[in-house]
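For reference, the sequence and a predicted model appear below.
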Amino acid sequence: MALWRRKSAVPAIPWEGSGLRAEPGSIPGKTRPVIVLSAGSVQAAVLPRELRDFGRGRVEIVESSGSGPLAFLFRASAVAPTSLAEEQVRDLPKDAVVLALPNTPPAAVLTGAERDSFLDWAQRLTD
């Protein structure tokens, strides 16, 4: 008989706004839960712990994991002036949250209340 109950690894309710959807998922062949970020044809799996740290402002860039294409979730302010991504985010607010594949225009951009809502959702994630 178990005396404790394991907590859900991630929130049961997905987040959605401005063309970005974030929902619990898994990587085939892996047992660790992930959060799948989807925007149009772009899908990226990220670890809940890393996304939580992003939501809390502990990290500025989160890299996708798994076998899918490499994608990045980042704050526009984190882009170096010499980076190829700088051209893509130059006109965005510095506090914008961006999902993008390397060397492509952003797949999703969150600003204002939607950015705040997403970051609040992300910082509540559990491992």
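Yep, it's here. Predicted model, so just to flag it, every value in this text is computed and none were measured.

what's the residue nearest the centre of the chain sitting at in phi/psi?
Nearest to the mean C-alpha position of the chain, counting by C-alpha atoms, centre = their mean, stands Leu73 at 5.0 Å. Main-chain torsions, Leu73, degrees, to the nearest 10: phi -110, psi 130.

Not counting its neighbours along the chain, what's nearest it?
The spatial neighbour of Leu73 that comes closest, neighbours along the chain excluded (C-beta to C-beta, 6 or more residues apart in numbering), is Val62 at 4.5 Å. No exception for glycine: its C-beta is placed from N, CA and C like everyone else's.

Looks to me like the one you found is in a helix.
No. Using DSSP: H, G, I helix; E, B strand; the rest coil, the assignment for Val62 is strand, not a helix.

wait, doesn't it sit right on Val46?
Yes. Using C-beta atoms under 8 Å, Val62 is in contact with Val46, at 5.2 Å.

Common neighbours of these two, please.
Common neighbours of Val62 and Val46 are listed as Leu73 (criterion: C-beta atoms under 8 Å, 6 or more residues apart in numbering).

hang on, the earlier thing: state the distance from the residue nearest to the centre of the chain to Thr31.
Going from Leu73 to Thr31 by C-beta to C-beta, to the nearest Å gives 23 Å.
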